[in-house]
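S.K.: compute the structure for the input listed below.
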Amino acid sequence: MLIARVIGDAVATMKNASHEGQKLLLVQPVQLDQTTPRGDAVLAVDAVDAGPGDLVLMVTEGFSAMTAVGRPDSPIDMAVIGVIDHVEFVEADATTD
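M.R.: Predicted coordinates for the structure are as follows:
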């Protein structure tokens, strides 16, 4: 899973029949600081009605992406599966008992 920022919508005049009615988003994976890009922007199927500017959780493995959008036999590699409201980092305790 990756954290990403939605940077736009995508419109396809022709797509696989299994994608009919599915919203496509252009998302930019980001580092944990939520602003630094992590690789290239990608297209992902939207399972949560996210929009431009939203910080989202994205799955990048085919089976997880397909089942997240309810299309287990579709050719989908990436899907947005959650909108992130807040990120908090907690320092791990380095001591052991």
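S.K.: tell me the contacts of the spatially most central residue of the chain?
M.R.: Residue closest to the average C-alpha location in the chain (C-alpha atoms, centre = their mean): Met58, at 2.5 Å. When contacts are counted by C-beta atoms under 8 Å, 6 or more residues apart in numbering, Met58 touches Met1, Leu2, Ile3, Ala4, Val27, Pro29, Ala44, Met78, Ala79, Val80, Ile81. Every C-beta, even on glycine, is put in place using the N, C-alpha and C of the backbone.
S.K.: tell me how far it lies from Ala10.
M.R.: 14 Å (C-beta to C-beta, to the nearest Å).
S.K.: same check on Ala94?
M.R.: Counting by C-beta to C-beta, the gap from Ala94 to Ala10 is 44 Å.
S.K.: before we move on, what about Thr35?
M.R.: Thr35 sits 22 Å away from Ala10, going by C-beta to C-beta.
S.K.: mind checking which of the two has more residues around it?
M.R.: Higher neighbour count among Thr35 and Ala10: Ala10, with 13 against 10, using other C-beta atoms under 10 Å.
S.K.: leaving out sequence neighbours, find the closest residue to the more buried one.
M.R.: Closest residue to Ala10 apart from its sequence neighbours, by C-beta to C-beta, 6 or more residues apart in numbering: Leu24 at 4.0 Å.
S.K.: now Ala4
M.R.: Val27 is the one closest to Ala4 (C-beta to C-beta, 6+ apart), at 4.1 Å.
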